[in-house]
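J.: Got a predicted structure plus its sequence, pasted below:
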Amino acid sequence: MSDNNVVAPSLGALRRRHSSKWRRFEADVLPMHVAEMDFQIADSIRNLIVEMAQESDLGYLGPVPEVAAAFAGFAKKRWNWNVDTAQVKMATDVGVAAVEIFRTLGRPGDQVVVNPPVYGSFYNWIKEAKLEQVDVPLVRTDQTWQLDLNALEAAFAAGAKFYLLCHPHNPVGKIYSLEELQAIAELAHNYGVTVVSDEIHAPLTYAGETFVPYLNAGEAAAKTGIIITSSSKAWNTAGLKAAILVSADEAMAQRLSKLQPDMHWRTSLIGAFAMAEAFTNGLTWIDSAVRTIEANLAFMSQQVAAKLPQIIISSPQNSYLAWWDVSALNLGDDPAATILAKARVAVVAGTDLGAGYGQFVRFNFGTSRANIEAAIDAIAAIQK
Ligand SMILES: Cc1ncc(COP(=O)(O)O)c(C=O)c1O
């Protein structure tokens, strides 16, 4: 294994891991649910963690200009975006960043627009901040999902205060185009909506696809938006607990200055320095991880076509999550429960990502081909 060849270790080694993915279910279950990859982490991140532990360098987080500088360097190289490093703040994780933004800039009962099917924690964050969720579902056209701009405008016109954008989108792997982002920004500007853009999956964009950070989509976007992100999803270090929130406008920075300063101290020291390391020296690793993910997507699609051709897979442009329409498999009211009980494979139930998605499941293919094949074989065997 090396940064040039990012792969997953054996199932035996994976089962020794301590994370939720490997502990939530019984030992015979193959976990293909939570958004953790099984790949080995980047060498330089591993070395950094070992060195900090060896030096007993495990105290509280102090000033970390390294993080903003590293993110700005990555954003310039990958997305040609000039980040104002003075407008980068730390948070424990992306969830904490979202909740604190809602609490600080919003008032209980404020409406937040989301686009189901979407990452289930979005709903929890909105509830935790005592805000109200407003659904503007993505519209499906066969294997792709589109934003309904008219419905978005209607929700903004009806009084929404926030738009929690998932860009790139979990679970469908959609990347919003520059035109779509500009249309969103125009609407947000006209209706006084604050766009909170969760861009945690962005570094996992496939070769040939173009990702534009919301804040780099023009003046209206810069004025209306806040990006929440981390290296933790893309470099597979979710347990290290560090994230950032970024703005690109003085008035927005002024609003964000009211965030609890304690957010900084509640962030992990190792997490912050691992993030600086990822954004600075993690490019070889991330390119290799994306190559593996793209190859896995092709492999998974081919396996599904051969063994479970009734499944319709959405076409992702990013990341390692597949959104499967399993309605034609006739797995009952709760296909994820049936798959868990009968195939001993854990997938995420569609209903966790939005009401009305009961016949969908989310399948994580950020693992070895052996695990992908074993999971698909086990699910296919349910039919027999
Ligand atoms: C879109 C999205 N945002 C945020 C997270 C979680 O981020 P954090 O652990 O930093 O809260 C995930 C995890 O899967 C995700 O898919």
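T.: The structure has been received and is ready for your questions. Just so it is clear, the structure is predicted and the values come from calculations on it, not from any experiment.
J.: hang on, isn't Lys21 packed against Met32?
T.: No. Lys21 is beyond contact range of Met32, at 9.2 Å (criterion: C-beta atoms under 8 Å). Heads up, the C-betas are built off the backbone N, CA and C, glycines and all.
J.: Please say which of the two ends up with more neighbours.
T.: Neighbour totals were compared for Lys21 and Met32, and Met32 leads with 27 against 21 (other C-beta atoms under 10 Å).
J.: which ones are touching that one?
T.: Residues near Met32 by C-beta atoms under 8 Å, 6 or more residues apart in numbering: Val345, Ala346, Val347, Phe363, Asn364, Phe365, Thr367, Asn371, Ile372, Ala375.
J.: Please identify which of the residues you listed is nearest to the ligand.
T.: Ranked by distance to the ligand (C-beta to the nearest ligand atom), these are led by Asn364 at 9.7 Å.
J.: thinking again about what came up before, now the contacts of Met32 as JSON lines including secondary structure?
T.: As requested, the contacts of Met32 are exported to JSON lines (DSSP: H, G, I helix; E, B strand; the rest coil):
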{"residue": "Val345", "secondary structure": "strand"}
{"residue": "Ala346", "secondary structure": "strand"}
{"residue": "Val347", "secondary structure": "coil"}
{"residue": "Phe363", "secondary structure": "strand"}
{"residue": "Asn364", "secondary structure": "strand"}
{"residue": "Phe365", "secondary structure": "coil"}
{"residue": "Thr367", "secondary structure": "coil"}
{"residue": "Asn371", "secondary structure": "helix"}
{"residue": "Ile372", "secondary structure": "helix"}
{"residue": "Ala375", "secondary structure": "helix"}
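J.: Please check the residues you listed and keep the buried ones.
T.: Among those, those buried by neighbour count (16 or more other C-beta atoms under 10 Å) are Val345, Ala346, Val347, Phe363, Asn364, Phe365, Thr367, Asn371, Ile372, Ala375.
J.: I'd assumed Asp377 was in contact with the first one.
T.: Right, the one you point to is Val345. No. Counting by C-beta under 8 Å, Val345 sits too far from Asp377 to count as a contact (9.6 Å).
J.: Who are the contact partners of Gly106?
T.: The neighbours of Gly106, taking C-beta under 8 Å, 6+ apart as the test, are Val112, Ala129, Leu131, Lys161, Phe162.
J.: per-residue confidence at it?
T.: We have a pLDDT of 98 for Gly106.
J.: Phi, psi for it please.
T.: In terms of degrees, to the nearest 10, the main-chain angles of Gly106 are phi -110, psi 180.
J.: Quick check: the gap between it and Gln254.
T.: Gly106 sits at a distance of 16 Å from Gln254 (criterion: C-beta to C-beta, to the nearest Å).
J.: Dump the buried ones among the contacts of Met32 into a markdown table; add distance to Glu180 and pLDDT as well.
T.: What follows is the buried ones among the contacts of Met32, written out as a markdown table (distance: C-beta to C-beta, whole Å; pLDDT from 0 to 100):
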| residue | distance to Glu180 | pLDDT |
| --- | --- | --- |
| Val345 | 34 | 98 |
| Ala346 | 33 | 98 |
| Val347 | 29 | 98 |
| Phe363 | 26 | 98 |
| Asn364 | 26 | 98 |
| Phe365 | 26 | 98 |
| Thr367 | 31 | 98 |
| Asn371 | 34 | 98 |
| Ile372 | 31 | 98 |
| Ala375 | 33 | 98 |
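J.: would you turn those into CSV with distance to Thr229?
T.: Shown next, in CSV, are the buried ones among the contacts of Met32 (distance: C-beta to C-beta, whole Å):
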residue, distance to Thr229
Val345, 30
Ala346, 27
Val347, 26
Phe363, 24
Asn364, 20
Phe365, 22
Thr367, 23
Asn371, 28
Ile372, 27
Ala375, 29
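J.: List, one by one, the residues from the stretch 151-300 of the chain near the ligand.
T.: Cys166, Asn170, Asp198, Ile200, His201, Ser230, Ser232, Lys233, Ala238, Ala243 (C-beta under 6 Å from any ligand atom).
J.: Just give the nearest non-adjacent residue to the second one, would you?
T.: Distances taken as C-beta to C-beta, 6 or more residues apart in numbering put Tyr119 closest to Asn170, at 4.3 Å, once the chain neighbours are dropped.
J.: what do you get for the last one?
T.: For Ala243, ignoring the flanking residues on the chain, the nearest one in space by C-beta to C-beta, 6+ apart is Ser230 at 3.8 Å.
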